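Novice: The sequence isn't on hand, but the structure is:
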């Protein structure tokens, strides 16, 4: 499975969560953190997709994806430990931990596997 197949929807979920957090609680931190990180993930997924279309790997995109997911795992994991609230901290920390594991797997295996060109 290619990283952009998961990164773009993951980024959308994070971005929408940031907007919802702002709409419900008027939290600028939710808006900035969620929307900013979500857009960065969407950008990284788009870069990875465009590189894949050129039959290449985008290591910059993979680096951005891994750092964003790791940071979200850490920050939201800490927030979950402090508040014990499943929504949103526990859910975002759990999803981000899974995504961090996926990205580390992609790093360990050399990125997206480019299929042989059909003739």
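Specialist: Arrived safely. Source: prediction; values computed, not measured.

Novice: Quickly find the element holding the residue lying closest to residue 40 once chain neighbours are set aside.
Specialist: For residue 40, ignoring the flanking residues on the chain, the nearest one in space by C-beta to C-beta, 6 or more residues apart in numbering is residue 68 at 5.7 Å. (Glycine included, C-beta is placed from N, CA and C.) For residue 68, the host element (DSSP states H and E) is helix 59-83.

Novice: That helix - contacts with which helices or strands?
Specialist: With contacts defined as 3 or more C-beta pairs under 8 Å, 6 or more residues apart in numbering; DSSP states H and E, helix 59-83 has these neighbours: helix 3-25, helix 36-53, helix 91-108.

Novice: Residue 20 versus residue 70, what's the distance?
Specialist: Here residue 70 is placed at a distance of 23 Å from residue 20 (C-beta to C-beta, to the nearest Å).

Novice: what number of residues lie near residue 103?
Specialist: 23 (other C-beta atoms under 10 Å).

Novice: Ok, residue 96 next?
Specialist: By other C-beta under 10 Å, 23 other residues sit near residue 96.

Novice: So it is in contact with residue 78, correct?
Specialist: No. Residue 96 is beyond contact range of residue 78, at 12.0 Å (criterion: C-beta atoms under 8 Å).

Novice: Just the endpoints, please. Distance across stretch 27-45?
Specialist: From the first residue to the last, stretch 27-45 extends over 26 Å; the measure is C-alpha to C-alpha, to the nearest Å.

Novice: neighbours of residue 62, just the number please.
Specialist: Neighbours of residue 62 under the rule other C-beta under 10 Å: 24.

Novice: And for residue 86?
Specialist: For residue 86, the count of nearby residues is 11 (other C-beta under 10 Å).

Novice: Skipping adjacent residues, who's closest to it in space?
Specialist: Closest to residue 86 by C-beta to C-beta, 6+ apart is residue 80, at 7.7 Å.
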